[in-house]
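> Give me a 3D structure for the following:
(2 chains)
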Amino acid sequence: MTAAAMDINAAALRRDERREKLALFSLCAPASLLVLVIIVAPVGWLFWLSLFNDAGVMSLDNYTRMFESKSYTRIFITTFQVSFLTTALCVLLGYPLAYFLAQLPRRWAALGMLAVLLPFWTSLLVRTYAWLVVLQRKGLVNQWGMELGLWEAPLRLAHNLNGTLIGMAHIMLPFLVLPLYGAMKAIDFDYMKAAANLGANPVSAFRHVFLPLSLPGLFAGIIIVFVLCLGFFVTPAVLGGGKVIMVSMKIETLVDLFFNFGTASALGVVLLGLTLLVLFAAHKLLQLDRVLGGGHGGNP
Amino acid sequence: MNTAPRYMAGRMSGRISGRFSGSWLSRPASDTQVTHRGRLWLYALAALIMIFLVVPTLIVIPMSFSGSQYLEFPPRDWSMRWYDNYLQTSEWMTATWVSIKAAVLTVLVVTPLATMAAYGLYVSQLKAARYVFILLITPMMVPVILIAIGVFFAYTRLRLNNTMLGLVLAHSALALPLCLIVISAGLKSYDMNQERVARSLGASRLRAFMVITLPQIRFSVITGALLAFIVSFDEVIVALFITGSGMSTITRSMFLALRDQIDPTIAAISTILILITTAALVAAQIFGRTAQKKS
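Numbering: from 1, shown residues only, chains lettered A, B, ... in the order given. Down below sits the predicted model:
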């Protein structure tokens, strides 16, 4: 075979390979179409709608209103406040729990993980309902607390910020514990032995060795919880009793009661922007896609 | 050992005497020398947090058998009246069937789509695959409320509001990211050479996939399908907008009922939902264990 013929052959092979790859790649087409039609196009449409004011003229009124009107800024502040406090509660509760679980022997750890997985898999609505039952005026906590003489008048635990925070912390806690537990499990406990051997007492071994090694898992959990909180709807709507108004709830009211798609869309676009900003910052800071299990196809 | 600090020596002797006295509390919890007694606070704290996680989840179960109109714990008299009420109210029954139908159809739509996409992304090895992956997981990143009003707005034009087709399509899009991530992870831990061997022996790509690859990644596929079921069954917000009377899902009806009053019937429904998810998870666990043993 001449060199020229071999070249032609190689080129044909490359073409075949390319064609085959494209054919395989087209297997993503149905899923991509679904996402494009159901998610991307409608959200893009909303974005377009948000650029028109009530009179139907193209303007940024829907966006400028958010900064000018006090009620809108308050909603954004509430959203961040609730998300921040919920995340903080989850860290306070989740870190000791994950630390405890990560050091249990295998069999016990599996049992302990059930305590995390059971609520994780239970319907969000069921858990929100349960908290309403537990926290309301005549609920279990008040009933028991007053019977034991701990407090006289019923505490206001539901239908306000307290209830929202308790319910949301309960719902978000597994999202923090699971990645944190994974990260802690991956820490080689021989490092702790080495630290002890080098003269570190248990507290400083924990502070200088274990804690820094567990931080990536902790940050991953924090980001997941915070982002989920930003868009939360069901729990604050039920447990907040109308006193805690988050962005997503305002959007629902705007569409449901006033059919005001323009303002609702603008709020939604800002919420999406904030979410992506947090995710992007996290990605830059800690390569989050490693933690999210990023199955980015092409590179086995 | 001479250079070991003094406090270490103290701890060592404590450790040894602890061993002699044989008390569990005086023994070190780990090789890093803290005794169990020194960690009792951690155990107590962890126990409290686990109680915080589990008790509110399960407390509705005993309460659902209460005979009184007010939810009490422990119930003063037991009855099945809230279950009767649930089974005899046609709205609840219709909503339950809508939810089950939508969840099953979502699984049937999304599992093949996610499997195809995961396989295509993994095998084609194109640079664009990364971007397509990001596109496919957008439903997970966009706030659900925005998806809900977007879908509602689009469906108004497409006349898909309050239809099963519309509900299933929306739930499929929502369930796709999780399903795709789980199946992709399964493919990553599978040795693709096995499929190459099958093809070099004359099997077509489809046949090689069906006979060799699919059986080996089946656990991820089934997990993905289960997740899709739960995503659809549990979804409230999109259903709140795009469905109405006659097509309302069970969680949507529960949400609307919760806003008005605390109906003990919801405790009965909650108990049933907890049982359904637990059963599904136990099934997956058992299946997973046998699958692991075989491989």
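> Show me what the longest helix that chain B contains is packed against.
Secondary structure assigned by DSSP state H gives helix B:90-124 as the longest helix of chain B. Judged by 3 or more Cβ pairs under 8 Å, 6 or more residues apart in numbering or on different chains; DSSP states H and E, the packing partners of helix B:90-124 are helix A:3-25, helix A:29-35, helix B:128-136, helix B:164-188, helix B:218-234, helix B:250-260. Quick note: C-beta positions are derived from backbone N, CA and C, even for glycine.
> Let's have these in a markdown table, adding mean pLDDT and distance to B:Thr278.
Supplementary listing: those in a markdown table, determined by pLDDT from 0 to 100; distance: least, Cβ to Cβ, whole Å:
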| stretch | mean pLDDT | distance to B:Thr278 |
| --- | --- | --- |
| helix A:3-25 | 85 | 39 |
| helix A:29-35 | 96 | 30 |
| helix B:128-136 | 91 | 30 |
| helix B:164-188 | 94 | 19 |
| helix B:218-234 | 90 | 12 |
| helix B:250-260 | 88 | 17 |
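> most centrally placed residue in chain B?
When Cα atoms, centre = their mean is applied to chain B, the residue found nearest the centroid is B:Leu227 (5.5 Å).
> contacting residues around the residue nearest to that residue when sequence neighbours are not counted?
The shortest distance from B:Leu227 to any non-neighbouring residue, by Cβ to Cβ, 6 or more residues apart in numbering or on different chains, is to B:Leu178 (4.7 Å). Neighbouring residues of B:Leu178 by Cβ atoms under 8 Å, 6 or more residues apart in numbering or on different chains: B:140, B:224, B:227-228, B:231.
> ok, now A:His159?
Contacts of A:His159 by Cβ under 8 Å, 6+ apart are A:136, A:239-243.
> Repeat the analysis, applying 10 Å as the threshold.
Counting by Cβ atoms under 10 Å, 6 or more residues apart in numbering or on different chains, A:His159 touches A:132, A:135-137, A:238-244.
> And for A:Leu51?
A:57-63, A:262, A:265-266, A:269.
> Equivalent analysis for A:Glu152, please.
Per Cβ under 10 Å, 6+ apart, neighbours of A:Glu152: A:145-146.
> hmm, try it at 8 Å
By Cβ under 8 Å, 6+ apart, the neighbours of A:Glu152 are A:Met146.
> From the contact counts, what lies against the helix or strand that contains A:Ala183?
A:Ala183 is located in helix A:161-185, with elements delineated by DSSP states H and E. Packing contacts for helix A:161-185, counted by 3+ Cβ pairs under 8 Å, 6+ apart, involve helix A:70-102, helix A:106-121, helix A:124-135, helix A:211-230, helix A:234-239, helix B:40-58.
> Could you identify the helix or strand that succeeds that helix?
helix A:190-197.
> Would you mind naming what in the stretch 151-295 of chain B lies close to chain A?
Within reach of chain A by Cβ under 8 Å from any Cβ of the partner chain, the stretch 151-295 of chain B has these residues: B:151-154, B:169-170, B:172-173, B:176, B:180-181, B:184-185, B:187-188, B:192, B:230, B:233-234, B:236-237, B:240-241, B:251, B:254-255, B:258-259, B:262, B:266-267, B:270, B:273-274, B:277-278, B:281.
> Swap in 6 Å and give it another go.
B:151, B:154, B:169-170, B:173, B:181, B:184-185, B:234, B:236-237, B:251, B:254, B:258, B:266, B:270, B:273-274, B:277, B:281 (Cβ under 6 Å from any Cβ of the partner chain).
> For the stretch 51-200 of chain A, which residues are neighbours of chain B?
Checking the stretch 51-200 of chain A against chain B by Cβ under 6 Å from any Cβ, the hits are A:93, A:96-97, A:100, A:115, A:118-119, A:121-123, A:125-127, A:129-131, A:133-134, A:140, A:192-193, A:196, A:199.
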